[in-house]
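Enquirer: Here is a sequence together with a model predicted from it:
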Amino acid sequence: MSRATVVIDAFPESARRYVATHAVVAVDVIRATTTAVTAVTLGRRCFPVSSIAAAHRLRAKLDGALLAGELEGQTPDGFDLGNSPAAIARRTDVHRPLILLSSSGTQLLDAARTATAVYLACFRNAVSLGRQLAGQHPRIAVIGAGSREEFRMEDQICCAWVAAALLEAGYEAADSSTRDVVACWRSAPAAAAATGRSADYLRRSDQVEDLDFVLEHVDDVDLVCGLVDGEVVALPALGSRGRAALGA
């Protein structure tokens, strides 16, 4: 029996290489997957969308929905708040569904939506997710939502955490690039992301509370979040079938 494999890649457009053959783990630590995982953790429904028009169409169907997000760093006109996990965590109106738009993270989710399974990872749940996914799919693609031709540091760290957990469970790295990312970042602390360009942007744009939220909420959620029929939902815990299922 052939070994199960994990591959790390980046950018929303890359997802199309994998949807026919892989389960996909989408990663956009700063900030879309952190915002979505946080919303679901609090019991709020969350619907990622790929455009302003799609956001407004969905809002017309969901009573009391909040529009949250950014495009090129700017909150679109008519939206209730930005793509902010800290702001979502503060709100008490969890009965209101969240419609989430972002420049790269929700674009990645849209590109991956036809895969057999789509999961969301951030610093909050990456290690737990990687462990729970072991044995569930023979091929897994962990994809960072890069932007401006950059595979962002925080996403490389998160992707490496997920992939490292799978490698420890018996998966093989699909290529040398995956091995390199894991070797470089698997032991990196979340705090390392504070030196990246995304962190610098949050500081320059007076959004430090989101940076603090991302760096302070690490491995604190034992939650499998998946994209099901356009909604991010909490899935039942996945029982690892162990090394025997991986041909080890």
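Expert: Great, that's in hand. Numbering: from 1, shown residues only.
Enquirer: bridging residues for the most centrally placed residue in the chain?
Expert: Centroid-nearest residue in the chain, with Cα atoms, centre = their mean: Val27, separated by 3.1 Å. Beta bridges link Val27 to Ala121, Gly144 when assigned by DSSP bridges.
Enquirer: Surely it touches Trp161?
Expert: No: taking contacts as Cβ atoms under 8 Å, Val27 lies outside contact range of Trp161: 9.5 Å. Just so you know, the C-beta spots here come from the backbone N, C-alpha and C atoms, and that holds for glycine as well.
Enquirer: show me the residues around the residue nearest to the centre of the chain that make contact.
Expert: 33, 120-122, 126, 142-145, 155, 158-159, 162 (Cβ atoms under 8 Å, 6 or more residues apart in numbering).
Enquirer: top of the residues you listed by neighbour count?
Expert: For the contacts of Val27, the largest neighbour count, defined by other Cβ atoms under 10 Å, is 35 neighbours, found at Thr33.
Enquirer: ok so, going back, so what sits against both of Val27 and Trp161?
Expert: Ala126.
Enquirer: Give the buried residues for the longest helix belonging to the chain.
Expert: When the chain is parsed with DSSP state H, its longest helix is helix 153-168. Neighbour-count burial for helix 153-168, counted by 16 or more other Cβ atoms under 10 Å, picks out 153-167.
Enquirer: same check, this time on stretch 79-90
Expert: Under 16+ other Cβ under 10 Å, the buried positions of stretch 79-90 are 79-89.
Enquirer: That one: end-to-end distance?
Expert: 17 Å (Cα to Cα, to the nearest Å).
Enquirer: re the thing from before, and the longest helix of the chain, what does it pack onto?
Expert: strand 5-10, strand 23-27, strand 118-121, helix 126-133, strand 139-144, helix 176-185, helix 197-204 (3 or more Cβ pairs under 8 Å, 6 or more residues apart in numbering; DSSP states H and E).
Enquirer: In PDB, could you pull the C-alpha coordinates for that helix?
Expert: Written as PDB, here are the backbone C-alpha positions of helix 153-168 (Å, rounded to 0.1, in the frame of the first residue of the first chain):
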ATOM      1  CA  MET A 153       5.600  33.900   7.200                       C
ATOM      2  CA  GLU A 154       2.700  33.300   9.600                       C
ATOM      3  CA  ASP A 155       1.100  31.000   7.000                       C
ATOM      4  CA  GLN A 156       4.300  29.100   6.400                       C
ATOM      5  CA  ILE A 157       4.500  28.500  10.200                       C
ATOM      6  CA  CYS A 158       0.800  27.300  10.400                       C
ATOM      7  CA  CYS A 159       1.200  25.100   7.300                       C
ATOM      8  CA  ALA A 160       4.300  23.600   8.800                       C
ATOM      9  CA  TRP A 161       2.500  22.800  12.100                       C
ATOM     10  CA  VAL A 162      -0.300  21.000  10.300                       C
ATOM     11  CA  ALA A 163       2.000  19.100   8.000                       C
ATOM     12  CA  ALA A 164       4.400  18.200  10.800                       C
ATOM     13  CA  ALA A 165       1.600  16.600  12.700                       C
ATOM     14  CA  LEU A 166       0.700  14.500   9.600                       C
ATOM     15  CA  LEU A 167       4.300  13.500   9.100                       C
ATOM     16  CA  GLU A 168       4.500  12.300  12.700                       C
END
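Enquirer: Show me what the mean pLDDT comes to for stretch 28-36.
Expert: Averaging pLDDT along stretch 28-36 yields 98.
Enquirer: Residues touching that stretch, excluding its own?
Expert: 26-27, 46, 48, 68, 83-85, 88, 98, 100, 102, 104-106, 108-109, 120-124, 144-145, 152, 154-155, 157-158, 193, 198-199, 202, 210-211, 213-214, 217, 225, 232.
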